[in-house]
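**Q** kindly generate the corresponding structure for this input.
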Amino acid sequence: MSGYLDVSGLQIYYGGIHALHGVDISVGRGEIVSVVGVNGAGKSTLMWGIAGVLPIAGGSITLDGRRLPPKPHEIVALGVSLVPERRRLFTTLSVEENLVMGAIRRNDRDSIERDKEGCFALYPVLKERLRQRAGTLSGGEQQMLAIARALMSRPSMLMLDEPSLGLAPMVTESLFDTILRIRDDGVTVLLVEQNAFQALEISDRGYVMQSGNIAASGTSRELLENTLIRKAYLGG
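**A** Just a heads-up that it's a prediction; the model follows:
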C-alpha cells in the first residue's frame with residue numbers, strides 16, 4: 001500500500017542491538033494508524049527512526065513521495081512532529097515558553113499567536129497555567145502541553161509515542177477524544193500506544209509489532225476481532 005507516509009524495509013540498530021528487521025508500514029493521508037505490541041517490540045524505535053533521532057541502517061522512509069532527510073529539524077520542517085514517550089518537556093520553562101519552543105522554526109508571529117489560541121481551545125487548562133513551569137503540571141496537563149507543543153509546528157503528520165503512559169483512565173479517555181479532534185482538523189496521526197484496544201478503537205488501521213518485525217496488520221476491526229492476535233498481542 002502506498003500512503004502519505006511510507007516506511008519500507010526499515011532497519012535500525014539501537015545500543016548494539018538489531019532493533020528493527022525490515023519493517024514496512026504505510027499511513028494514508030487523514031488516517032489514524034496505530035502500532036501496538038508488547039514492551040520491547042520496537043515500537044518506540046520505529047517512531048524515533050521516522051523522526052530522525054535514530055540513524056537508519058537500511059530501508060527508506062518517504063513522506064508524500066519524498067524521502068525524509070536524516071536530521072530531526074529538517075523532518076519537522078517537512079511537517080512531521082513527534083510527541084515523545086514521557087513527554088520530554090522543557091520542565092524549567094513555562095507553559096507558554098514550551099509552546100514557543102514548538103514554533104521555533106516559524107517566524108509568522110501573528111499565525112503563531114492564533115495557533116496558541118487554537119491550543120487553548122483544545123486544552124483550556126493550558127491558558128490558565130500559562131506562566132506555570134511545565135515541570136509542576138500534573139501528568140495529564142504535561143501530556144496536553146506536549147501535544148500542544150508539537151501542534152505549534154503546524155504538522156501535517158503527528159506521531160504520538162505512548163501518550164497515555166502513566167495517566168488515569170479518565171484522562172486517557174479524554175486524550176483519545178482529543179486525538180480524534182486533531183485528525184478531524186486534517187492532521188494525519190501515527191500512534192504507538194500501550195492501551196492497544198483503545199488505540200485500535202479510534203484508528204482506521206493497525207500494525208502489531210513483535211521483536212522488531214511486523215507480526216500482523218489490517219483494519220482495526222480485523223485486528224480486534226482476530227482471536228489469536230487478541231490473545232498473543234493485545235492481552236485478552
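
**Q** run through who's touching the longest helix seen in the chain.
**A** As assigned by DSSP state H, the longest helix anywhere in the chain is helix 169-184. Contact with helix 169-184 is made by 30-32, 122-123, 139-140, 143, 147, 151, 158, 160, 163-164, 167, 189, 191, 195, 198-199, 201-202, as judged by CB atoms under 8 Å, 6 or more residues apart in numbering. The C-beta positions use only the backbone N, C-alpha and C, and glycine is treated the same way.

**Q** restricting the selection to alpha carbons, write it to PDB.
**A** What follows is helix 169-184, C-alpha atoms only, in PDB (Å, rounded to 0.1, in the frame of the first residue of the first chain):
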ATOM      1  CA  PRO A 169      -8.300   6.200  32.900                       C
ATOM      2  CA  MET A 170     -10.500   9.300  32.800                       C
ATOM      3  CA  VAL A 171      -7.600  11.400  31.500                       C
ATOM      4  CA  THR A 172      -6.800   8.700  29.000                       C
ATOM      5  CA  GLU A 173     -10.300   8.700  27.600                       C
ATOM      6  CA  SER A 174     -10.200  12.500  27.100                       C
ATOM      7  CA  LEU A 175      -6.800  12.100  25.400                       C
ATOM      8  CA  PHE A 176      -8.200   9.700  22.800                       C
ATOM      9  CA  ASP A 177     -11.100  12.100  22.200                       C
ATOM     10  CA  THR A 178      -8.500  14.800  21.500                       C
ATOM     11  CA  ILE A 179      -6.600  12.600  19.000                       C
ATOM     12  CA  LEU A 180      -9.900  12.200  17.100                       C
ATOM     13  CA  ARG A 181     -10.300  16.000  17.100                       C
ATOM     14  CA  ILE A 182      -6.800  16.500  15.800                       C
ATOM     15  CA  ARG A 183      -7.400  14.100  13.000                       C
ATOM     16  CA  ASP A 184     -10.700  15.800  12.100                       C
END
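
**Q** Val23 versus Ala199, what's the distance?
**A** Counting by CB to CB, to the nearest Å, the separation of Ala199 from Val23 is 18 Å.

**Q** do Pro163 as well
**A** The value you get for Pro163 to Val23, if CB to CB is used, is 21 Å.

**Q** please apply the same query to Asn213.
**A** Distance of Asn213 to Val23, given as CB to CB: 7 Å.

**Q** of these two, which one has the most company?
**A** Val23 (23 against 15; other CB atoms under 10 Å).

**Q** give me phi/psi at Ser138?
**A** Main-chain torsions, Ser138, degrees, to the nearest 10: phi -70, psi 170.

**Q** so what's it scoring on pLDDT?
**A** Looking at Ser138, its pLDDT reads 91.
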